[in-house]
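Novice: model this:
(one chain, ligands or ions: 1)
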Amino acid sequence: MVDGLKIEVCRADGQKCPRCWMYAGIPENPHGICDRCAKTMLDSTPEDFAKNIDPEKFEAFRVAFVDLQREIKACYAAQAEKYMRR
Ligand SMILES: [Zn+2]
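Specialist: Sure thing, here's the model as predicted:
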């Protein structure tokens, strides 16, 4: 640690994506996941993400993953609806 070193974190609009740490969260997504990661998740299966997971924990992971995919889809649907109303 260097004396006096201070890291300033600029908070951009939106939330920090928990997956890639980019400040590009989709508005209204409760998990703050970014657009790029959201699309990756929608195109993936829980198996793609859980290659090294303990098989005993896989079922819980799969359920959480599918829930998150559903939330992302709902979020996109809500956004699409907003655009249509403009
Ligand atoms: Zn991301």
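
Novice: can we go C-alpha only for contacts and neighbour counts from here?
Specialist: Will do.

Novice: burial of residue 65, as a residue count?
Specialist: Per other CA atoms under 10 Å, the neighbour tally for residue 65 reads 20.

Novice: buried residues in the strand or helix carrying residue 57?
Specialist: Per DSSP states H and E: residue 57 is located in helix 55-85. Across helix 55-85, burial judged by 16 or more other CA atoms under 10 Å covers 58, 61-62, 65, 68-69, 71-73, 75-76.

Novice: nearest to residue 43 among those residues?
Specialist: residue 69 (9.5 Å; CA to CA).

Novice: what number of residues are in the vicinity of the closest residue to the closest one other than its chain neighbours?
Specialist: Using CA to CA, 6 or more residues apart in numbering and skipping residues adjacent in sequence, the residue nearest residue 69 is residue 42, 6.0 Å away. By the criterion of other CA under 10 Å, residue 42 has 15 neighbours.

Novice: how close does residue 42 get to residue 84?
Specialist: As defined by CA to CA, to the nearest Å, residue 42 lies at a distance of 22 Å from residue 84.

Novice: same check on residue 71?
Specialist: Computed as CA to CA, the residue 71 to residue 84 distance reads 20 Å.

Novice: what's the answer for residue 20, then?
Specialist: 30 Å.

Novice: next one: residue 19
Specialist: Distance, residue 19 to residue 84, using CA to CA: 30 Å.

Novice: spatially central residue in this protein, please.
Specialist: Closest to where the C-alpha atoms of the chain average out (CA atoms, centre = their mean) is residue 33, at 2.3 Å.

Novice: would you check that residue 61 makes contact with residue 46?
Specialist: Yes. Here residue 61 reaches residue 46: they are 7.5 Å apart, a contact under CA atoms under 8 Å.
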